[in-house]
Every structure is written in structure tokens, then in C-alpha cells.
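1. Would you be able to build a 3D model of this:
(chains A and B)
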Amino acid sequence: MAAFKKFWKNANFRLKFGLIVTIFFFILGFIVYYIPHINPFTFSTYDKGLGASGAHPLGTTSQGQDVFWLLIEAIHNSLAIGLIVAAIGTVVGVFVGLLSGFAGGALDRTLMIITDTFVVIPSLPILILMTSLMKGNATVILMALTLAMFAWAWPSRQIRSMSLTIKERDFIHTARFSGEGTVQIVVTEILPYALTWSLSNFMNATLSAIGSESSLAVLGLSPGNLVSLGNMINWARQYNAIFNKQWLWIGSPIVATVILFIGLFMLITGYNDYLSMKRGR
Amino acid sequence: MKFKTFFLQRVLAWALTIWIGVTFIFFIPRMFPSSPVESMIAQMTSRMGNLQPEQVQALQKQLSIQFGLEGSLWEQYVSFLWNGLLHFDFGPSLMSYPEPVGNIIGTYLPYTLFLSLFSTLVAWLLGNFIGLLAGFRKNARSSKILEGIAICIYPIPYFLVALVLQILFCFVWRVFPLQANIKLSADFATWFGSLVWASILPAISLLLLGTGWWIISMKSLAGTTAEEDFVMFARYRGLSEATIGRSYVLRNSILTQITALAMSLGGVFGGSIMTEIIFGYPGVGTLIQNAILQADYNMILGTITISIVAISTATLIVDLVYPFIDPRIRYS
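-> Next comes the predicted model:
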């Protein structure tokens, strides 16, 4: 608790704001989500197109679904996809980056050519190709794996250049001369460095994965039975929520996405500033 | 290093990126269990009732040829590289049969290039200009407000900004028509007028996001540069703030921004695809969406190959311009 108090005192405004927003969304997505409720995806559970009321805080859809619980489910799934993708991307990225930075030589050059290609290649068209082949039949895991294909390249590039500079530092030489093997050096000396940076990258990857998923959803390429923020917006558009002025239905996922993204982004930039401040700049 | 070596290296990296990307999109569809030929035949039988087995077989053969699925994997790969990559020949489009895919993309691509290049360039110039001013006067109230606005717009996905603008300007205030309407067959003035009218909202939504990012990154770059010793020295020499800003801070921070521009082009392209789809702007994005809806695989492959080539080429151009702007790191 004392450590947290100290952290909170030193944290800048963006970090605090971002943290509060992010925690709020995690509570919605992972705690409120488990309050027992009727599966929001089933059609005609309630009367159609109701306005906001005590029973339905955000009204119901023209399919008779409760918008509030649909939104909670969407937040849960979008966050889950984002976290899975970011986890895979970060683990693979750190591994490839460290391998490349420490192996050097031909392996390093080959890995970096592939990494550089994945950094500049336009990911959205390729994601469109892959998901259009799955034709909306993809499972959540398959979707996450597909998105993860483009999440590892950037961290691996960064980790490689980081490990190249750390490699030459004195304490690494000391460790080597005292008989530590390469694997041990990587795990005990380099990884702690890489991890603080990876945390910022992890959040970034979460953000961009949720963004990609919702872009694909608007194209109708996200799994059809997956209640995600993007799919919710897409469904509202498909069922003419805009024409019928059902602003709560179309508006709530839009507002939720916008706030979540601003919160996550503030968390990332705030965290980076906090880190550089801690390093004494 | 000589310019020639530098040039050759970059061109090699460019060719390699395209080759890896295209190889990737060649093999992905072939790894999936669902074959476009089977789904096409299934579509036809559901539309026209049951076909005779001989008809199905003939159809299968015919479609295999058109999808480039004839012969061994290696033959298919070589012919895909030869016809597709080198001649932009992706076979006939299935949604507007028998028009070749290459021709259709040729009509739509200029619209996308116009929209995305224009908005990228304007966003880059505008964002860097504002970011420089804001970074130079880091603690002024106006620069903090500007940065705050940029931070609240930048992280929002492209399609959402487009969607919100569409709801506001097309539904609520009805300033613009719901779907872009470009008069393709009218005379030049009418065509151009309708093009500009249709491009306003898509361009604004691309500009909002792009400018936001350049403001944020330029502000932090210029802020750091402005605290360097040589800037302080310039102040002691009595140079005007305008000169310091232009020749000391700008020249040092713009280099990073040029590299960043090259790196961002892929993302901008993805963004302009999404923006086009929301507004129904007649570009590659709309083409891709129609191709997905009608399962036109030749078209999907063609648009994606051409996007990869276009983006890599744009990146190469920015890369090659770099040494002419940075006198220190010439040709390295």
C-alpha cells in the first residue's frame, strides 16, 4: 500500500487518468460481466426498441436485446482479444528480439529482414484476406492468432536494439566473466530491462488489436457470434439504428470504444513519461 | 558509403518486402481448408438448382484455371509472381465478369491515392508545424490544450471517427449526402466538383487522426531538442526565436519525422480503406469490401498485392529522399 501511495504521488496526470479509465473498463469487463444475467445475444428476450429505463439502463435493440448487457459482454470480449493478442505478440517479440540481438551473424540478419518486412507491410489488407477466407466462421482464438501475426514485429525490433546496447554494458561482461551462461544472462540480467519496456508495448498492442478487430468487424469479417465492440457497432449499423435514431444502441459502443482508447493511450504515454522521469530525465 | 550502395541496399530491401508480402498472400489462401472453387460452385448450385455431375466437373476445371489453381503449387506460385506481380494480371473479376481485375483496380486506385496522399501530406505538414510551435513553447497554455485535443483524437480508430462524422454531418445536420456520389461520366468541371465534394468528409476524418499524431510526436521531439545545449548557445548568440525554431529545432527534429512518415504509410492506407468504406467513397477500400461481399478472390488478391507494392514503393521513395535532407548521415 505504501508503495502504491508513493507511485500515485509520483505519477503524472495522464498516467492517473489512464489507469482509472482502464481499471473502470476492467471492472465492467471482468467483474460486472460475471453478475448473473440473461445471455444478451439471444433475440427477442425483451420488448423491442425500448428507451432507457431502470430495468434497461441503455434501452433495448430492435432485436429485443438488452443494450447494457450487450455492451458489457462486448467490452469483455474486446478486452480479452486485445489481451490475448498482446500477450502472444509480446512473448514472441521479446523472444525473437533477444535471440536476434544475442545470436548476431546470419541468423540476426535473416530475422531482421523478416521483422522489418512485418513492420512495414500493410497489415489490414492481409487481415482482410485471411478473415474473408474464414468467412466469419472463425473462433475467438483463431481471430486472436491471426491478429497476433502482426503484433510481434515491432517489439522484436525494439528489444533487439535494446539488447544490442545492453550487451556491451559492464555488468554483462562481469556476469559473463563470473561464469554465467548466455541463457542465464538473458534471463536474469536483460529480461528485467526488457520487461519494463514491454509493459508499455503490451498496452499498445492491446489497443491496436482491439482497433483491428473492430475494423474487421465493421467489414463484417469478425466471427458472427462474437459480441465485441466492433461487431456491436456493425450490428447497430446493419439494423439501421442510425436511421431509426436509436442513439443509445449505436452510441453506447462508440462512446465506450472512444473512452477506452483514450484511457489506454493516456495510460501508455503517461507510463512512458513516468519511466523516463524515474530514469532521471 | 557511396550513394550507389545506399540506393542498391534500399531497392533490395524494397524488393524483399514485396516478395515476402506477396509470397505470404499467395500461401495463406492455400493453407485454408475452404477452397474458393468449392464455395463458388456451392453458390452457383444454390442459385441455379442442382447441376449435372459433368457440369460440376467442367465448372471446377474452368474455375480452377480462372483462380490460378491449375498445376502444381510451384507452377501456381511462379505464374502468380509472373502474371500478378510483374504484369498486374490477376485474371477476370468475378463480380463484374469478364472485366480483368487489373483494369478495375486501375480505375479505382487513383481515387484512393488522391485521398490518402493528399491527407497524409497535409496532416504531416500541419501537424509538424503545430507540434513545433507547441514544443517550442512547451509550457504555454495554448500548447497544452492543443496537445490535449490531439491526445483525445489520435487513439480513436479511423472508422469510428469517420462514423461519428457521418452521423453528425449526414444524419443530424444533413450537410453532406449519405453516400459519396461522384459523377464519373459528366464533363470535367462537374466531375471534379463532385469529387471534391465527396472527398471533404473522408479527408477531414483522415486529417484529424493524422494531424493528431504528428502534433504529439513533434511536440515531444521539439521539446527535447529545444533543451539541447546548442539551442541555448544560439540563444546566447542573440539569434531570433524564429531563426532558432527554423534552423535549429525544426531541422533537427524533422529528420525523425521523415522516417516516421515512411513507417506510417501502411497504417494510413489501412485507415483510408476503412474511411472509404464508411463514406462509400469510390476507392480501393470500397472495391475490397464489394469483393469480400461477393467472394471475388481474384479481386481480393489483386487489390492486396497492389496495395503492398504501392505502400512499399511510397516507403522507398521517402527513404531515398532522406539523405538529401540530412547532411550528416548521407548515404548510410
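
2. going forward, measure contacts between C-alpha atoms and count neighbours the same way
-> Noted.

3. show me where pLDDT drops low in the chain?
-> Here I'm looking at chain A. Counting by pLDDT under 70, chain A contains low-confidence ranges at A:135-136, A:279-281.

4. that's the wrong chain, I wanted chain B
-> Counting by pLDDT under 70, chain B has low-confidence residues at B:1, B:33-36, B:39, B:47-50, B:67-68, B:327-332.

5. just the helices in it please.
-> Counting by DSSP state H, the segments of chain B that form helices are B:3-31, B:36-48, B:53-66, B:73-79, B:87, B:101-136, B:141-153, B:158-166, B:188-225, B:229-236, B:241-243, B:251-279, B:284-293, B:297-325.

6. Reformat the ones you listed as CSV; add mean neighbour count.
-> Putting the helices of chain B into CSV (neighbours: other CA atoms under 10 Å in any protein chain shown) gives the following:
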stretch, mean neighbour count
helix B:3-31, 16
helix B:36-48, 14
helix B:53-66, 14
helix B:73-79, 13
helix B:87, 11
helix B:101-136, 20
helix B:141-153, 17
helix B:158-166, 22
helix B:188-225, 21
helix B:229-236, 13
helix B:241-243, 11
helix B:251-279, 21
helix B:284-293, 22
helix B:297-325, 20
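
7. Output those helices as JSON lines; include the columns distance to A:T60.
-> Output for the helices of chain B, formatted as JSON lines (distance: least, CA to CA, whole Å):
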{"stretch": "helix B:3-31", "distance to A:T60": "40"}
{"stretch": "helix B:36-48", "distance to A:T60": "35"}
{"stretch": "helix B:53-66", "distance to A:T60": "46"}
{"stretch": "helix B:73-79", "distance to A:T60": "51"}
{"stretch": "helix B:87", "distance to A:T60": "53"}
{"stretch": "helix B:101-136", "distance to A:T60": "38"}
{"stretch": "helix B:141-153", "distance to A:T60": "29"}
{"stretch": "helix B:158-166", "distance to A:T60": "21"}
{"stretch": "helix B:188-225", "distance to A:T60": "30"}
{"stretch": "helix B:229-236", "distance to A:T60": "60"}
{"stretch": "helix B:241-243", "distance to A:T60": "58"}
{"stretch": "helix B:251-279", "distance to A:T60": "25"}
{"stretch": "helix B:284-293", "distance to A:T60": "29"}
{"stretch": "helix B:297-325", "distance to A:T60": "37"}
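
8. Which of the ones you listed sits closest to A:G49?
-> A:G49 lies closest to helix B:158-166 among these, at 21.5 Å (CA to CA).

9. I'd like the distance from that closest one to the chain centre, please.
-> Taking CA atoms, centre = their mean, to the nearest Å, one finds helix B:158-166 lying 17 Å from the centre of the chain it belongs to.

10. is chain A contacted by that helix?
-> Yes - judged by CA under 8 Å from any CA of the partner chain, helix B:158-166 and chain A are in contact via B:159-160.

11. and that helix, what does it pack onto?
-> Under the contact criterion of 3 or more CA pairs under 8 Å, 6 or more residues apart in numbering or on different chains; DSSP states H and E, helix B:158-166 touches helix B:188-225, helix B:251-279.

12. Write out the residues of the stretch 51-200 of chain A neighbouring chain B.
-> Counting by CA under 8 Å from any CA, the positions of the stretch 51-200 of chain A adjacent to chain B are A:113-114, A:117, A:119-126, A:129-130, A:132-134.

13. cutoff 6 Å now
-> Proximity of the stretch 51-200 of chain A to chain B (CA under 6 Å from any CA of the partner chain) is limited to residues A:117, A:122, A:124-125.

14. Would you mind measuring from A:V21 to A:V227?
-> Noted for A:V21: a distance of 21 Å to A:V227, by CA to CA, to the nearest Å.

15. circling back to that earlier point, any chance of the helices and strands packed on helix B:158-166 in a markdown table, with distance to chain A too?
-> Below are the helices and strands packed on helix B:158-166 laid out as a markdown table (distance: least, CA to the nearest CA, whole Å):
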| stretch | distance to chain A |
| --- | --- |
| helix B:188-225 | 10 |
| helix B:251-279 | 4 |
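
16. Same list (those) but as JSON lines, adding distance to B:T286.
-> Putting the helices and strands packed on helix B:158-166 into JSON lines (distance: least, CA to CA, whole Å) gives the following:
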{"stretch": "helix B:188-225", "distance to B:T286": "13"}
{"stretch": "helix B:251-279", "distance to B:T286": "5"}
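
17. I'd like to know how far whatever residue of chain A ends up closest to chain B sits from A:W69.
-> Nearest to chain B in chain A, going by CA to the nearest CA, is A:P122, at a distance of 4.4 Å. Distance, A:P122 to A:W69, by CA to CA: 35 Å.

18. For those two, indicate the residue with more neighbours.
-> Higher neighbour count among A:P122 and A:W69: A:P122, with 25 against 21, using other CA atoms under 10 Å in any protein chain shown.

19. Okay, the residue lying closest to the more buried one once chain neighbours are set aside and A:I159: tell me how far apart.
-> Nearest non-adjacent residue to A:P122, counting by CA to CA, 6 or more residues apart in numbering or on different chains: B:G266, 4.4 Å away. B:G266 sits at a distance of 22 Å from A:I159 (criterion: CA to CA).
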